[in-house]
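Participant: need a 3D model of the following:
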Amino acid sequence: MSLTATISLRKPAQKNGLNTVRLQVIINRKVVIVPLDLSWPERLFDEKSGRCLDKLPRDRQPAGYKELLRHTEALMGEQLEQKASDNNLIIGQARSKANEIFVAYRLQPELVLTVDEFLRQYHSGVSSTDFLGYMEARIAERAKRGQISECTRIKHVTTWRKVQEFARTLPINKASAKDSSRLPVLPFSSFTHKFASDFDSWLKKVHNSCTNTRSGRHRNVKAYLELARRDKITFENPYQYFTNTTVAGKWKALAEEELTALETYYASTKPGDTHRRMLQKFLFSCNCGLRLGDLKRMDEAKVTGQLVELKVQKTFRYDEKETLLPITKRALRYLNDSRTENGTDGFFLYTDQYTNRTLQKIADWLGIKTKLHHHIGRETFATNFIRRGGKVEVLQKLMGHKKLSMTMKYVHVDEAMKQAEIDRMDALDDAA
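Facilitator: A predicted model of the protein is given here:
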C-alpha cells in the first residue's frame, strides 16, 4: 500500500499575493487535497520541508525582499515570526494526524485504507491511540450525525467523564493526578483483562454506584470499544473475562388509591398551574405507558380518535416505522387538557430534574409512599394493565418491547393482586 502526505501551496496565488497551504495525500496513486485554512506567500515558503518562513538567507533574498516582508506582515496582522511559528504548528499537527492513520494501516497490512475512510478519520479527529480521545470524538460525531439522541449523548458523555476520572488514578497518569490542568490519557495499548473489574470496583467505591448504574457505564464503554474495533484499532479486549450484570429494578408502581389521590389533586388544580402541567404528562403516562422521550415528542404525534401515530424515538432509527398506539379515554383527556390549556400540540415541558423533584413534593404532600419520578408512570401502566386482566403479549406491543423478557421486568405482582388470586381460589373451592 502506497501512502504519502506532503505540504504544498495552491497555485496560482490569490489576488492578495498569498497562496493557500494544503495537505496533499496520495493513497495508492489517488490524490486527496485537504485545505488547511492557512495562506502564505510562495517566496517565503520552503516547498521541500513544507514550512512557512519568516525570513530568508541573504543569498536567497529576491529583489524587493523588505517590501515582501512588510506586505506579508500587514496582511497577517502580526509579526511574521510568531505567525510562521503558529502556522508550522498547524502544519505539523496535520501531518501527524495523517501519519497516525497511515501507521495504523501499515501495521495491519491485511487492511485497505480508502480515500473516503482516510477523510472520515482525518476530519472526525478520532484518535487511534488514546481511548479517551477516541470516545470523546466519536460521541460528538454520532450526535452530529443524528445517530444518537441528545439524551443518549448526555449519558455517554457522563460515562466518558467517569472513565476520564478513573484514568487519572492509573500509574500512567501520575502527572495529571497532581496537576488537574493536564488531561489524562488511556492508551488502547494499556488495556488488559483487569481494566473492567478495576473500573467496576472504582465506581462502587468512589461513587457508590449501584449494580445497574455500573452496568450502564460498562455498556457504554463496550459500545465505543466495539466502534474502535470496527475502525480497525487493535487492543486487548478489557471485557473478555468480565460479566456485566444487572438486577431487577426496585421501582414500584403506584397503588390504585395513590393514583386516585393524584387524579383527585389534578382535578383541583387550575389551568396553567405548574403542578397541573406536570401531572398532565405524568398521568397520561400512567394510562398509556409511553417512554419519556416519546412523551416529550407528543407534539409530533397524529391523534385520530383514540389512536396515536408517532415515531417511537428508541426504535425509529432502526426500522423507520411509525407506531399506531391505541390509548385509553382517560389518557386522551389529559392530552386534550394540555393542548387546550397550554397552546401546544403535546405537553408543556420542564426539565427532567425539576419535574422529578416537583412530583416527589406532590407525593409527599398527598401522603403517597411510592417514590415518584417520570418512569413510575410507565411502571404503573404496565402493572394496572395486568391487574385488570390484560395479556402480557399485548402489553409487550403497547410498551414497544422487542422481547417479552423486557416486558416481564415491568410486571409487578403486588399484595393486592396476590390476595385477589387467593380469594378467587377460595371462591372456586366454596363453589365446589
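
Participant: tell me both backbone torsions, phi and psi, for residue 40.
Facilitator: Dihedral pair for residue 40: phi -160, psi 150, per degrees, to the nearest 10.

Participant: got the end-to-end distance for stretch 382-402?
Facilitator: 16 Å (CA to CA, to the nearest Å).

Participant: quick one: mean pLDDT for that stretch?
Facilitator: Across stretch 382-402, the average pLDDT comes to 79.

Participant: for stretch 159-170, same thing?
Facilitator: Across stretch 159-170, pLDDT averages out at 95.

Participant: what does it rub up against?
Facilitator: For stretch 159-170, the external contacting residues (CB atoms under 8 Å, 6 or more residues apart in numbering) are 131-132, 135-136, 139, 173, 176-177, 183-186, 190, 198-199, 202-203, 206-207, 216-217, 220-221. Yep, even glycine has a C-beta here, placed from its N, CA and C like the rest.

Participant: how far out from the middle of the chain is it?
Facilitator: Chain-centre distance of stretch 159-170: 17 Å, with CA atoms, centre = their mean, to the nearest Å.

Participant: who's in contact with stretch 126-133?
Facilitator: Residues from elsewhere that reach stretch 126-133 (CB under 8 Å, 6+ apart): 100-101, 104, 121, 134, 137-138, 141, 160, 163-164, 167, 183-189, 191, 224-225, 228, 231, 233, 235.

Participant: looking at those residues, which are in helices?
Facilitator: Residues of the contacts of stretch 126-133 located in helices (DSSP state H): 100-101, 104, 121, 134, 137-138, 141, 160, 163-164, 167, 224-225, 228.

Participant: check this structure and tell me which residue is nearest its centre.
Facilitator: In the chain, the residue lying closest to the centroid (CA atoms, centre = their mean) is residue 153, at 1.9 Å.

Participant: residues contacting it?
Facilitator: Residue 153 makes contact with 139, 142-143, according to CB under 8 Å, 6+ apart.

Participant: ok, and the most crowded of those?
Facilitator: Tallying neighbours with other CB atoms under 10 Å puts residue 139 at the head of those, with 21 neighbours.

Participant: for it, which residues are in contact?
Facilitator: Contacts for residue 139 (CB under 8 Å, 6+ apart) come out as 148, 153, 156-157, 160, 224.

Participant: the same query, at a cut-off of 10 Å, please.
Facilitator: Contacts for residue 139 (CB atoms under 10 Å, 6 or more residues apart in numbering) come out as 148, 152-157, 159-160, 220, 224.

Participant: just the buried residues from those residues, in PyMOL please.
Facilitator: Buried members of these, defined by 16 or more other CB atoms under 10 Å, are picked up in PyMOL with:
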select buried, resi 148+152+153+155+156+157+159+160+220+224
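
Participant: of the contacts of residue 139, which belong to helices?
Facilitator: Those of the contacts of residue 139 mapping onto helices are 152-157, 159-160, 220, 224, per DSSP H.

Participant: and which of those residues is nearest to residue 7?
Facilitator: Here the nearest of these to residue 7, counting by CB to CB, is residue 224; it sits at 32.3 Å.

Participant: surely the closest one meets residue 148?
Facilitator: No - using CB atoms under 10 Å, residue 224 is not in contact with residue 148, being 11.3 Å away.

Participant: before we move on, the earlier item: for residue 143, see how far away the residue nearest to the centre of the chain is.
Facilitator: To residue 143, residue 153 is 4 Å away according to CB to CB, to the nearest Å.

Participant: give me phi/psi at residue 30?
Facilitator: Torsion angles, degrees, to the nearest 10, at residue 30: phi -90, psi 130.

Participant: can you name the residues that contact the nearest residue to it once chain neighbours are set aside?
Facilitator: In space, residue 30 comes closest to residue 115 once its chain neighbours are excluded; the distance is 5.5 Å by CB to CB, 6 or more residues apart in numbering. By CB under 10 Å, 6+ apart, the residues touching residue 115 are 25-28, 30-32.
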